[in-house]
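[1] fold the stuff below for me.
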Amino acid sequence: MQTKVAPLAEAPRARLSIRAKVVLVSLVLAAIPFVGYGYVREMENILRAAQEQRVIATARAVATALHDRPRLLEFSAEDDGSRRRPAARAATQEIEQILVGLRRTSSRIFVIDQQRRLLAVAGSLRQEPPAEPADTGGAWNWVQSRLLRPLWALLLERPPEDFDDAIPEELLSGGKEVDAALSGVPASRWRPTPDARAVVLGAAHPIWSGTEVIGAVVAEETTNSVLTLRNRVFEQLLTVTLAVFVLGAGTLFVFASRLSGRLRRLRDEAEQAIDVRGRVQRGFRASGDSDEIGDLSRSFATAVDRLAEYNEYLERMADRLSHELRTPIAVVSSSLDNLRTRAIPSDAQVYIARAEEGVRRLNAVLTRMSEATRLEQTLRTTERERFDLGRVVSGCVAGYTAAFPQSRFELRLPERRIEIDGSPDLVAQLLDKLVDNARDFATPGEPVEIALDAEGGTARLSVSNAGPPLPAAMADRLFESMVSVRSPGAKPDGQAKPKGEPHLGLGLFIVRLIAEFHGGSARARNRENGSGVTIEVTLPVAAPPAG
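    Numbers count the residues shown, from 1 in each chain. I've put the predicted structure just below:
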């Protein structure tokens, strides 16, 4: 015995709208800052290398100006308690003039001798912070000054200008670049300031007198100028990236919104053109756009037009078949009548009787095939009126009692008057179909129960019979055209209809059409105890007259 394995249910797929997908695609623009960051960092390394070469060149230039001038460095640094000797002061002033002539605005240069005594200093490592650009007006300048710059200030590290720029004693006594320069080898080094708030680049170059090193020149600069330039580039990069991202994402979002709107309109047109039963309700309005969505809309319009033509062809088929078949049936019927007037063998009479039964059944089939079509045409022209639903139901039940004495009917009506807007003749036809269906399935001897009640603004008309329960699979399909659960055998009581009369499943279909014409609905369900079936029709109660 083989066991049938149920297929695994597919995991639900996450649904993303077109706008969400476009936004995700636009996030690719977010890669621009990362690429730009790598570029700016590379540029910063290049600027640092250039700064190092520049500071080394400055130290070399000052040292070259002091080469072979030992008298400027060969003097005693002793003083008389208040000032240096005139020769020492003159040498110091001459050195300072050389330093001032060769230094840069953001650099500091000092000279030491072989005994590591500081002889002269010029310049400062601090520099004035750059002035904020003036607000020249305009929306973009306002955005930059009020929104972007404060935001970039939170993201970017600003170089401080209030650091300790004193010359550390350990630099003079044991700095690597100073030791290298006094030994005759130019050197450079990056070091933090004493308070560790800034980074200083120092380059030392020896001062020669012949073949002897008589001192050293140390040129220093902070990396603040490089950091300032880096931050300025970062700000421009982030501003341009933000502008491109906002503009690109906004453009894509607007495009996706327009595309989604067009697709929603196309969906709404398709849903409104065809009802839940596949009938064309109205024409499909095709789009005049020349893109793919416009082509799809025009294709839908063409398909709906063809479907409408086919539906119309199917709706008229019953009338056409009835018209085309009634003539040959009439010929066959008249021929059978003529045969009966003639002397024919008795054993042939049975074949004539069968032929007449077949003709009668064909006539019944044609009549019922065209009944629903004629009803739909009638509904389009039927005028509505206000009438008492309970009076119509009681009158119909009285007629059933007289017409079908072999069946029992139980009627339950409300005490108050129930009025609806519609056609009393159509409601009577609806009730005829329900009672006819209940009699077909009712257990012999059991009554057909007809009840009318109202709750709020809804009236409920139900017809219930004892008998076989309704198959669960048929509950939703029972009111469709050409659907029936009848067996081809005779009725249980053998009285209401001739044996073998065809059932086309149009009775409850007509019930649904009439209920929908009145703004209501119909549904079938089994009794709670499973002893039979109840068919219930809900109709809206007419509003009370204004007064």
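[2] run through the helices of this structure in chain order.
    According to DSSP state H, the chain carries its helices in the segments 18-26, 31-66, 86-102, 139-143, 149-155, 169-174, 176-182, 224-273, 292-340, 346-381, 389-403, 424-441, 507-517.
[3] okay if I get the ones you listed as TSV plus mean neighbour count, mean pLDDT and distance to Pro471?
    In short, each C-beta sits where N, CA and C put it, glycine included. As requested, the helices of the chain are arranged in TSV below (neighbours: other CB atoms under 10 Å; pLDDT from 0 to 100; distance: least, CB to CB, whole Å):
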stretch	mean neighbour count	mean pLDDT	distance to Pro471
helix 18-26	14	70	44
helix 31-66	16	84	62
helix 86-102	16	70	107
helix 139-143	11	66	71
helix 149-155	12	69	70
helix 169-174	14	79	100
helix 176-182	20	89	98
helix 224-273	15	82	31
helix 292-340	14	79	27
helix 346-381	14	74	23
helix 389-403	16	88	27
helix 424-441	20	87	12
helix 507-517	21	83	14
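[4] now those as a markdown table including distance to Pro206?
    Rendered in a markdown table, the data for those read as follows (distance: least, CB to CB, whole Å):
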| stretch | distance to Pro206 |
| --- | --- |
| helix 18-26 | 60 |
| helix 31-66 | 7 |
| helix 86-102 | 15 |
| helix 139-143 | 52 |
| helix 149-155 | 43 |
| helix 169-174 | 15 |
| helix 176-182 | 5 |
| helix 224-273 | 27 |
| helix 292-340 | 78 |
| helix 346-381 | 112 |
| helix 389-403 | 119 |
| helix 424-441 | 117 |
| helix 507-517 | 107 |
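[5] quick one: which of those helices is nearest Arg197?
    Distance to Arg197, taken as CB to CB, is lowest for helix 224-273 among the helices of the chain, at 10.3 Å.
[6] distance between that closest one and the chain's centre?
    17 Å (CA atoms, centre = their mean, to the nearest Å).
[7] helices or strands up against it?
    The helices and strands touching helix 224-273, judged by 3 or more CB pairs under 8 Å, 6 or more residues apart in numbering; DSSP states H and E, are helix 18-26, helix 31-66, helix 149-155, helix 292-340.
[8] now the angle from that helix to helix 292-340?
    Here helix 224-273 runs at 10 degrees with respect to helix 292-340, directions being taken by axes from the mean of the first three to the mean of the last three CA atoms, to 10 degrees.
[9] returning to that earlier point: Serialize the helices and strands packed on helix 224-273 to TSV and add fields for distance to Glu415.
    Conversion of the helices and strands packed on helix 224-273 to TSV gives the following (distance: least, CB to CB, whole Å):
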stretch	distance to Glu415
helix 18-26	58
helix 31-66	78
helix 149-155	76
helix 292-340	43
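[10] quick one: closest of those helices to Ser407.
    Taking CB to CB, helix 292-340 is the member of the helices and strands packed on helix 224-273 nearest to Ser407, at 30.3 Å.
[11] pretty sure Trp524 is touching Val537, no?
    Actually, residue 524 is Ala. It isn't Trp. No - using CB atoms under 8 Å, Ala524 and Val537 do not qualify as a contacting pair, with a distance of 10.2 Å.
[12] His205: which of the helices and strands packed on helix 224-273 is closest?
    helix 31-66 (4.1 Å).
[13] now the angle from the closest one to helix 224-273?
    Between the axis of helix 31-66 and that of helix 224-273 there is an angle of 170 degrees, by the same axes, to 10 degrees.
[14] helices or strands up against helix 31-66?
    Contact analysis of helix 31-66 by 3+ CB pairs under 8 Å, 6+ apart lists helix 86-102, strand 107-113, strand 187-192, strand 199-209, strand 212-222, helix 224-273 as its packing neighbours.
[15] just to revisit the earlier point, Ala524 and Val537: which is more packed in?
    Val537 (23 against 18; other CB atoms under 10 Å).
[16] hmm, Val511 and the more buried one touching each other?
    Yes - counting by CB under 8 Å, Val511 is a contact partner of Val537 at 6.9 Å.
[17] what's the overlap in contacts for these two?
    Between them, Val537 and Val511 have 430, 434, 522 as joint contacts when contacts are counted by CB atoms under 8 Å, 6 or more residues apart in numbering.
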